[in-house]
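Visitor: need a structure here:
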Amino acid sequence: MLFMGTYTPKLDEKGRVFLPAKFRERLAEGIVVTQGQERCLVVWPTDVFAEEAERAAARPMTSRSARRYARILFAGGDESRPDKQGRIGIPAHLREYAGLERDVVVIGVRDRLEIWNPAAWREFQAEALEDYSDLDEDDD
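Guide: Residues are numbered from 1 along each chain as shown. This next block holds a predicted model:
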């Protein structure tokens, strides 16, 4: 299953968010939520996270960037399962990292979901759209 689309659920008072209904079956077996780049959160199906963990483990620990990536990937991670209503809890340290309050943006990104603060998503999207408009397959 490819994760695609943009959704705007809200965090409840307990820090839970409803996952888009069409993704719930794929995520029912379990998820890992980690810190993403650009201050978003990444929601990985557990099997996809396992693949990412293997890629991280395959990089030599003598590489500073590999050590840094592994530390961030695993230290902030939280493993869970969506509840019967399709909600996942976002731990406080991850909500703080991503600047999440009540409104959030959930986007599908091929093999994972990302959860963004709406203002940060708009800012990122504006910058990325400029780059996207400038793409030219003849450029190297």
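Visitor: dihedrals phi and psi, the residue nearest to residue 61 when sequence neighbours are not counted?
Guide: The spatially closest residue to residue 61, leaving aside those adjacent along the chain, is residue 67, at 5.9 Å (C-beta to C-beta, 6 or more residues apart in numbering). Quick note: C-beta positions are derived from backbone N, CA and C, even for glycine. Main-chain dihedrals, residue 67, degrees, to the nearest 10: phi -60, psi -40.
Visitor: in the protein, which spans are strands?
Guide: 6-7, 16-18, 31-35, 41-45, 78-80, 87-89, 105-109, 112-116 (DSSP state E).
Visitor: JSON lines for those, including mean neighbour count, mean pLDDT and distance to residue 59?
Guide: Shown next, in JSON lines, are the strands of the chain (neighbours: other C-beta atoms under 10 Å; pLDDT from 0 to 100; distance: least, C-beta to C-beta, whole Å):
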{"stretch": "strand 6-7", "mean neighbour count": "15", "mean pLDDT": "98", "distance to residue 59": "32"}
{"stretch": "strand 16-18", "mean neighbour count": "19", "mean pLDDT": "98", "distance to residue 59": "31"}
{"stretch": "strand 31-35", "mean neighbour count": "21", "mean pLDDT": "98", "distance to residue 59": "17"}
{"stretch": "strand 41-45", "mean neighbour count": "24", "mean pLDDT": "98", "distance to residue 59": "18"}
{"stretch": "strand 78-80", "mean neighbour count": "14", "mean pLDDT": "97", "distance to residue 59": "22"}
{"stretch": "strand 87-89", "mean neighbour count": "19", "mean pLDDT": "97", "distance to residue 59": "28"}
{"stretch": "strand 105-109", "mean neighbour count": "19", "mean pLDDT": "98", "distance to residue 59": "22"}
{"stretch": "strand 112-116", "mean neighbour count": "23", "mean pLDDT": "98", "distance to residue 59": "19"}
